[in-house]
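Trainee: Build me a structure from this.
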Amino acid sequence: LLNADFRHKNTNENIQNVTSKAGVSCFSKVNDSILMWAHYSNSHKGYCLKFDLLKATQFFMVPVIVEYKKEYPYFNYLRDWNRIFNFNFGNKFCDWEYEKEIRIVRQEQGNIKINPEAIVEISFGINCTDSNIKKIKKICKSKEYNHITFQKARRKKLEFGIEFDEI
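Mentor: Below you'll find the predicted structure:
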């Protein structure tokens, strides 16, 4: 432990081991970022789910609000395990700040089941096809999802950006 190189290598391996086994779900506070639609929905062809956090409190109980930084902090690897955990799961480079990201971190990976009532709205991208919209709306006609509202994005007329129309 007195050898700094050994301690640094061993600590980084332990951190990598823990983080590689974790399950991380990522969310955003916004649905109208044109960059988010371009990056995460196949150039505006996908859709965005809006959740009511109070209807899925067990899942959303401990959110990690991402901080955006330019520099790495200094850590004391023997004492700062909580800070290291928070840094690994709760920080990104400042150029990603437009994402306004919130993460849910779980100890295990895999699919999870969320209360269907927690999904309250689906927003379709500008380039989402009518056939995909019809498929998703058909799925949502079931008893569990018939409360969901739908909206479709369109380009703003006088500025770069998107806005939504209820459909």
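Trainee: CA only for contacts and neighbour counts going forward, please
Mentor: Fine.
Trainee: Quick check: buried residues in stretch 146-155?
Mentor: His147, Ile148, Thr149, Phe150, Gln151, Lys152, Ala153 (16 or more other CA atoms under 10 Å).
Trainee: neighbouring contacts of that stretch?
Mentor: Stretch 146-155 is contacted by residues 117, 119-126, 140, 161-167 when judged by CA atoms under 8 Å, 6 or more residues apart in numbering.
Trainee: Give me the distance from it to the chain's centre.
Mentor: How far stretch 146-155 lies from its chain's middle: 19 Å, per CA atoms, centre = their mean, to the nearest Å.
Trainee: Buried among the contacts of stretch 146-155? Need that as a selection in ChimeraX.
Mentor: Per 16+ other CA under 10 Å, the buried members of the contacts of stretch 146-155 correspond to this ChimeraX selection:
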select :117,119,120,121,122,123,124,125,126,140,162,164
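Trainee: From the contact counts, what lies against the longest helix seen in the chain?
Mentor: The longest helix of the chain (DSSP state H) is helix 4-21. In terms of contacts (3 or more CA pairs under 8 Å, 6 or more residues apart in numbering; DSSP states H and E), helix 4-21 is packed against no helix or strand at all.
Trainee: Can you tell me what sits against the helix or strand that comes right after that helix?
Mentor: Per DSSP states H and E, the first helix or strand lying C-terminal to helix 4-21 is strand 23-28. By CA under 8 Å, 6+ apart, the surrounding residues in contact with strand 23-28 are Glu99, Lys100, Glu101, Ile102, Arg103, Ile104, Val105, Arg106, Gln107, Glu108, Gln109, Gly110.
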